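# predicted model and sequence below, questions to follow.
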Amino acid sequence: MKQQSSAGAAMGSVMCVVGARPNFMKMAPILRALASTAPALQALLVHTGQHYDPGMSGRLFEDLGLPRPDINLEVGSGSHAVQTAEVMRKFEPVLDTHRPACVVVVGDVNSTLACTLVAVKKNIRVAHVEAGLRSFDRMMPEEINRVLTDQVADRLYTTERSAAENLQREGVAAERVFFVGNVMIDSLMSNRAHAHSAADTLKAYGSDPAILKHRYGYGVVTLHRPSNVDDAETLSALLGVLAEVASQLPLIFALHPRTRSNIDRFGLAQLIDPARMVMLPPQGYLEMLGLVSQATLVLTDSGGLQEETTALGVPCLTLRESTERPITIEQGTNTLVGKDRASILQCVADILQGRGKRGRVPELWDGHAAQRIAVDLLQWLQPR
Ligand code: UD1
């Protein structure tokens, strides 16, 4: 385990935890806001190492201007039990050494829950950013992480108003809940001007950017949920539908390592026509932002992309039965299509004919959510 610095500021330190790819774009603006608004709170960055490949971690750190983690727990991959337990086992001595005033966790990955559990049992306060989101699907590992983290964390920062209703239903006291907006959109807004062009990204991977000139443009695909990619029949059916979409609209598919290894393991590579579907490795933040912002549509099972497409005004077809981010459907550009071939093809046809959802940007998705969090943390952590 690498440790690079130690704590010790007047008001104590705030230990900010990241573990997996979707955490990085949420934590980057929080660290910046803490440095500018609350310098009395010394921020320490802990990376659990849940994601470790350069494409899943290092490149995003660079793109987002995240500092090198002060501490890296280097837990790596494993079953849910092993991964969660490893994070807990390795995080405990870090808390003992640094005794932070507070731990800040983001999102819903295994590292979020693991670090929350360790901290609260040591009577160290925990703030959870992106609290209260619920898919109501307990088959999703993230749903378990969300419900449990919110039950025990002390301060809950929410991205949309429906989150407070979910928390109230679960018996969480309203005084713990603060509607601050969406830190992921802070990152999007501050990086949009630096996004890489889709043409540059394709060229960098040796792909012909001519597909971008298709009369309908192009679509972006990401898939990584276990429910979509861990079963051979399901993944094969989804790739079949994507091939049908690709016959009308060229697709750029940024492949998560879980999905890539399952395509190989199940022998499904032949379902992919490289002339119509460009397969790329996991993308950096600025590459992905460029690809998505110029796309005609996005097909995904990601949580973050549902929000980013809503902020960008790009139609998003979510290949899931439920979403924990209902505001992207009610106000944004998102449509839940599940795995149903007919609905997917119908929605794609609608978008290509100019009948895609337009939507609007939700309340407080204004680029200042992290600032609101830093102001609140400063006041909350004042010595009494
Ligand atoms: C995790 C999160 C999920 C999030 C996703 C974003 C949980 C329960 N899941 O899922 O909410 O949407 O991250 O990517 O925390 N692997 C690599 N390199 C890496 C990391 C992983 O090759 O740097 C491979 C390994 O084979 C690993 C598999 O990907 O077993 C899955 O990684 P894991 O962290 O277990 O879950 P994700 O599917 O990435």
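Now that the structure is in, tell me what you want to look at.
# near the ligand, which residues of this protein show up?
20-22, 50-53, 56-57, 77, 108-110, 141-142, 224, 256-258 (Cβ under 6 Å from any ligand atom). Using the backbone N, CA and C atoms, a C-beta is placed for each residue, glycine as well.
# surely residue 216 is within a strand?
No: according to DSSP: H, G, I helix; E, B strand; the rest coil, residue 216 belongs to no strand; its state is coil.
# for it, give me its contacts.
Contact analysis of residue 216 by Cβ atoms under 8 Å, 6 or more residues apart in numbering lists 248-249, 296, 352.
# among these, which pair sits farthest apart?
Largest separation among the contacts of residue 216 by Cβ to Cβ: 248 and 296, giving 10.5 Å.
# anything in contact with each of these two?
Common neighbours of residue 248 and residue 296 (Cβ under 8 Å, 6+ apart) are 216, 352.
# more neighbours: those two, which one.
residue 296 (18 against 15; other Cβ atoms under 10 Å).
# pLDDT at the more buried one, what is it?
We have a pLDDT of 98 for residue 296.
# cool, and residue 343?
Looking at residue 343, the pLDDT reads 96.
# other SSEs contacting whichever strand or helix holds it?
Assigned by DSSP states H and E, residue 343 belongs to helix 341-352. Using 3 or more Cβ pairs under 8 Å, 6 or more residues apart in numbering; DSSP states H and E, the elements in contact with helix 341-352 are helix 232-246, strand 297-300, strand 316-318.
# quick one: the strands in the stretch 101-250 of the chain, in order.
102-106, 125-129, 155-158, 177-179, 219-222 (DSSP state E, counting those that start in this stretch).
# using CSV, write out every CA atom in the first one.
Right, the one you point to is strand 102-106. Below are the C-alpha coordinates for strand 102-106, written out as CSV (Å, rounded to 0.1, in the frame of the first residue of the first chain):
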residue,chain,number,x,y,z
CYS,A,102,-14.7,13.4,7.7
VAL,A,103,-14.7,10.9,4.8
VAL,A,104,-16.3,11.9,1.5
VAL,A,105,-17.6,9.1,-0.7
VAL,A,106,-19.2,9.4,-4.1
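# let me see the contact set for residue 55.
281-284.
# tell me the buried residues within the residues you listed.
282-284 (16 or more other Cβ atoms under 10 Å).
# now tabulate those in TSV and tack on distance to residue 290.
Below are these laid out as TSV (distance: Cβ to Cβ, whole Å):
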residue	distance to residue 290
282	15
283	9
284	10
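# which residues make contact with stretch 358-377 from outside it?
With Cβ under 8 Å, 6+ apart, stretch 358-377 has contacts from 14, 29-30, 32-34, 36-38, 41, 102, 104, 127, 129, 155, 157, 159-161, 178-183, 185-186, 189-190, 307, 310-311, 313, 327-328, 331-334.
# could you turn the buried ones of the residues of the chain next to the ligand into a ChimeraX selection?
In ChimeraX syntax, the buried subset of the residues of the chain next to the ligand is picked out as below (16+ other Cβ under 10 Å):
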select :20,21,22,50,51,52,56,57,108,109,110,141,142,224,256,258
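# show only the entries of the residues of the chain next to the ligand found in helices.
In helices, defined here by DSSP state H, the members of these are 21-22, 110, 141-142, 257-258.
# and residue 360, how many neighbours?
11.
# do the same with the one 4 residues further on
Residues within reach of residue 364, counting by other Cβ under 10 Å, total 18.
# do the one 5 residues further on as well
Neighbouring residues of residue 369 were enumerated by other Cβ under 10 Å; the total is 28.
# can you check residue 276 too?
Counted with other Cβ under 10 Å, residue 276 comes out at 17.
# for residue 280, same thing?
20.
# please apply the same query to the one 10 residues further on.
Burial measure for residue 290: 22 neighbouring residues, criterion other Cβ under 10 Å.
# host element of it?
With DSSP H and E as the criterion, the answer for residue 290 is helix 285-293.
# what helices or strands is that helix leaning on?
Short answer (3+ Cβ pairs under 8 Å, 6+ apart): helix 285-293 packs on helix 59-64, helix 183-191, helix 198-204, strand 251-254, helix 304-312.
# cheers, nothing more for now.
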